[in-house]
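Undergrad: can you look at this prediction? I've put the sequence above it.
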Amino acid sequence: MTRISWSTIGDRIFEAGIDRGVLYVDGSPGVPWVGLKSVEQKSTGGKSKPRYQNGIKISNRMSPEEFEATLEAFIYPDEFERCDGTYLGQNGMRIAQQRRKSFGMSYRSLVGNDLDGLSHAYKVHILYNLKAEPSDRSRNTLTNSAEPISFSWNLTSRPTRIQGFRPTSHFEFDSRDVPAELMQQLEDILYGNETTQPSLPTPNELMFMFDSFEDLVYDAGTPYTPVFVTYDAGTIGTPITETIDGGAP
C-alpha cells in the first residue's frame, strides 16, 4: 500500500479566469462576447427536505437545483440588446423596457497546476434558456481617469429535460476528461470553422454526440444496394460472436 501524499508535483490544481464567451440568440449564428468579465454561479435549490417518523429521520431528500448566475461585462454584443429589453427602431432609435428575449451562451474557464500554469487545461461551459434581469447602472461625471462602466445582469434559466437525468440548463466539458477529437468537434460547432457557422447544439444533440462517439456503425445502404458481403450464421448450435445491425427497412 502507498501512503497518501499531499505534495505530488502537478497535483496542485486551481481554476482561474474566463474567456471565449459566445452569445446565441434565436437560433442565429453565435457571436463573440468581447468584454465578458465574470459569470458568478449561484447555488439555488438543492436544499435538504428531511422527513421524520416518531422523532427519527427516515429520509433526507434534496430539492432540485436550478441554474442562476450573475453576469458582468464591460460591453455586450449588439445581438444582446433584445435580451436586455432594448429593441432597435427606425434610423438607429433604441426603445428600452421591452420584452426580454431568452438566449444561450458558452464560455471557457481555465484550469492550472503548479507545472503548466493556466495552460494546463480548460472547461467549456454551455448555458441554455437564460433570461437576463439588468442590475442598476450608474453613470458619473468624467474625472482625470476615465473608469469604464461595468454592466451586470442576474441570470435565471428554464431547465431542459434530458433522458436519464434531471432537467438542467448547464453543461460542463473538461479538456482533461473529454477525448481531444470529441472536444475539437464540440468547439467546431460552438465557435464555427471554415465550413460551418458557430451554433448552439440542443441538449439532446449534445447527449447523442457524446454517447455515440466512436460507436461502430454499419451502413446497410438503400433497399436496392447490392450486397457484396455475406455473413454465415452457421448452424443452430453456433454461438453468436458478432451482431450486425441492418438498420431500418
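TA: Great, that's in hand.
Undergrad: mind checking the longest strand of the protein?
TA: Assignment by DSSP state E gives strand 117-134 as the longest strand of the chain.
Undergrad: so how far is that strand from its chain's centroid?
TA: 7 Å (CA atoms, centre = their mean, to the nearest Å).
Undergrad: in that strand, what's buried?
TA: For strand 117-134, the neighbour count (16 or more other CB atoms under 10 Å) marks 120-128, 130, 132 as buried. Any C-beta I mention is one placed from the backbone N, CA and C, and that applies to glycine too.
Undergrad: partner strands of it and their direction?
TA: strand 103-113 (antiparallel), strand 151-157 (antiparallel), strand 170-174 (antiparallel) (DSSP bridges).
Undergrad: still on that earlier bit, now the two most distant members of the buried residues of strand 117-134.
TA: Using CB to CB, the two most remote members of the buried residues of strand 117-134 are 120 and 132, lying 32.1 Å apart.
Undergrad: one step back: out of the strands paired with strand 117-134, which comes closest to residue 43?
TA: strand 170-174 (12.2 Å).
Undergrad: contact partners of the closest one?
TA: For strand 170-174, contacts defined as CB atoms under 8 Å, 6 or more residues apart in numbering pick out 41, 67, 111, 121-128, 157, 183, 186, 203, 206.
Undergrad: remind me, longest helix of the chain?
TA: Counting residues, the longest helix found in the chain (DSSP state H) is helix 180-191.
Undergrad: I'd like the next helix or strand past that one.
TA: Counting by DSSP states H and E, the element after helix 180-191 in chain order, helix or strand, is helix 203-211.
Undergrad: tell me the angle that following helix makes with strand 170-174.
TA: 20 degrees (axes from the mean of the first three to the mean of the last three CA atoms, to 10 degrees).
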